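Novice: Based on what follows, work out the 3D shape:
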Amino acid sequence: MPSALTPGTLHIVSTPIGNLEDVTYRAVRVLRDVDLIAAEDTRRAARLLDHYGIRTRRISLHEHNESRRAASLLARLAEGQTLALVSDAGTPLISDPGRRLARMALDAGFRVEAVPGPSAVLAALVASGLAEDAFSFAGFPPYRSKDRKQWFAEVAHEPHPVVFFEAPHRIRGSLADLEGVIGDRIVAVCREMTKVHENCVVGPVSDVLAALASPRGEFTVVVSPSRAPVPQPEVPAEAELFHEFGLLTEGGLSRRASIRSLATKYDVPSRRVYQAIESARERS
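Specialist: Numbers count the residues shown, from 1 in each chain. Got it, this is the predicted structure:
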């Protein structure tokens, strides 16, 4: 039976993040009808494809081969073939490979069509009880503790929930760094979403850390925004501000992040903090 798909189209197909029943009818149809499936890991994709009897040819497209494989996939689109892109789980391009291919396809004038479906970000957000009309997704924190602290300082003052991913061997270290930067704020740590051992722990960071004795699986973390009205303190003298700046930089924050942190703390422009620090440095 001929395919009803539009020739020369790249389909970005969302797939289950755990439970195979979460795939959409449309996703199954598209994966069955396209000429080729580009998968982040063909072995992991096979579990879903075999479950639904999908025999479409597949090739790998991951972070190590995307740059050299994209051109040949664009050539297929130019021939009028239809392609599907899938990641290991969830919605492709979100902390997954494929962005280069999608961008190149759009720049070349090909149609790029999203086939929406499961997303670990949205699943964790709605299960956490912390969902609002707006949120930020931040991907994976940096590997090193010093860089993580700076990264958390960047998102600490977001006025809405922040969602990020973390690996099991880094989750405890990340939460400890998070607590050190933003305090004992409410977070939701969701593990293995939609899978048999799904679990979502909500509470102060310290309580959640205590509950993660032997972390396993993939984690999605939702950080609540700070809602408590805090009276703005009086801006300290230049010497005291310079001292606080030194403590922040010694603690691992960059110069820029430290200035931003102080500006937020005292509700003043960053330029004012910078000028005060430079003035105190000249007199020291």
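Novice: And the helices in the stretch 101-250 of the chain, which stretches?
Specialist: Secondary structure of the stretch 101-250 of the chain (DSSP state H, counting those that start in this stretch): helices at 120-128, 145-155, 171-182, 205-211, 238-250.
Novice: Present those helices as CSV; the columns should include distance to F165.
Specialist: The way it works is simple: take the backbone N, C-alpha and C, and place the C-beta from them, glycine included. Output for those, formatted as CSV (distance: least, C-beta to C-beta, whole Å):
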stretch, distance to F165
helix 120-128, 7
helix 145-155, 13
helix 171-182, 10
helix 205-211, 16
helix 238-250, 27
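Novice: ok, T15 - how many residues close by?
Specialist: Close neighbours of T15, defined as other C-beta atoms under 10 Å, add up to 29.
Novice: Same check on R103?
Specialist: Neighbours of R103 under the rule other C-beta under 10 Å: 13.
Novice: pLDDT wise, what is R170 at?
Specialist: Note on R170: pLDDT of 93.
Novice: Now do the phi/psi pair for the closest residue to it other than its chain neighbours.
Specialist: In this structure, R170 finds its nearest non-sequential neighbour in Y143, 7.2 Å apart by C-beta to C-beta, 6 or more residues apart in numbering. The phi/psi pair for Y143 (degrees, to the nearest 10) reads phi -70, psi -40.
Novice: and the gap between Y143 and A89?
Specialist: Plainly put, Y143 is 21 Å away from A89 if you go by C-beta to C-beta, to the nearest Å.
Novice: what about these two, which has more around it?
Specialist: Neighbours per residue (other C-beta under 10 Å) separate Y143 from A89, with A89 holding more: 24 against 11.
Novice: quick one: contacts for that one?
Specialist: The contact partners of A89, by C-beta atoms under 8 Å, 6 or more residues apart in numbering, come to T15, P16, I17, G18, R44, P118, A120.
Novice: Select from the residues you listed every entry located in helices.
Specialist: R44, A120 (DSSP state H).
Novice: Relative to V235, which of the contacts of A89 is nearest.
Specialist: The nearest member of the contacts of A89 to V235, counting by C-beta to C-beta, is A120 at 41.8 Å.
Novice: does that closest one really touch I17, like I thought?
Specialist: Yes. Counting by C-beta atoms under 8 Å, I17 is a contact partner of A120 at 5.0 Å.
Novice: any common contacting residues for those two?
Specialist: A89, G90, M193.
Novice: Which of the residues you listed sits closest to G173?
Specialist: Once C-beta to C-beta is applied, the member of the shared contacts of A120 and I17 that ends up nearest G173 is M193, at 21.4 Å.
Novice: what about the strands in the stretch 151-284 of the chain?
Specialist: Ranges of strands in the stretch 151-284 of the chain, per DSSP state E, counting those that start in this stretch, are 162-166, 186-191, 199-204, 219-223.
Novice: Surely A75 is in a helix?
Specialist: Yes. Under DSSP: H, G, I helix; E, B strand; the rest coil, A75 falls within a helix.
Novice: For the stretch 1-150 of the chain, give me the ranges with low pLDDT.
Specialist: Regions of the stretch 1-150 of the chain meeting the criterion pLDDT under 70 cover residues 1-3.
Novice: Okay, strands next: where are they in it?
Specialist: With DSSP E, counting those that start in this stretch as the criterion, the stretch 1-150 of the chain has strands at 9-13, 36-39, 58-60, 83-86, 111-115, 136-137.
Novice: name the helices or strands packed onto the fourth one?
Specialist: Packed against strand 83-86, as judged by 3 or more C-beta pairs under 8 Å, 6 or more residues apart in numbering; DSSP states H and E, are the following elements: strand 9-13, helix 25-33, strand 36-39, helix 66-78.
Novice: So in that sheet, which strands flank that strand, and in what orientation?
Specialist: strand 9-13 (parallel), strand 36-39 (parallel) (DSSP bridges).
Novice: Can you give me the distance of the nearest residue to I186 once chain neighbours are set aside to L122?
Specialist: Nearest non-adjacent residue to I186, counting by C-beta to C-beta, 6+ apart: S224, 4.3 Å away. Distance, S224 to L122, using C-beta to C-beta: 17 Å.
Novice: which one of the shared contacts of A120 and I17 sits closest to S128?
Specialist: The closest of the shared contacts of A120 and I17, once distances to S128 are taken by C-beta to C-beta, is M193, at 10.8 Å.
Novice: count of residues packed around E79?
Specialist: 10.
Novice: What is the neighbour count of E240?
Specialist: Residues near E240, counting by other C-beta under 10 Å: 12.
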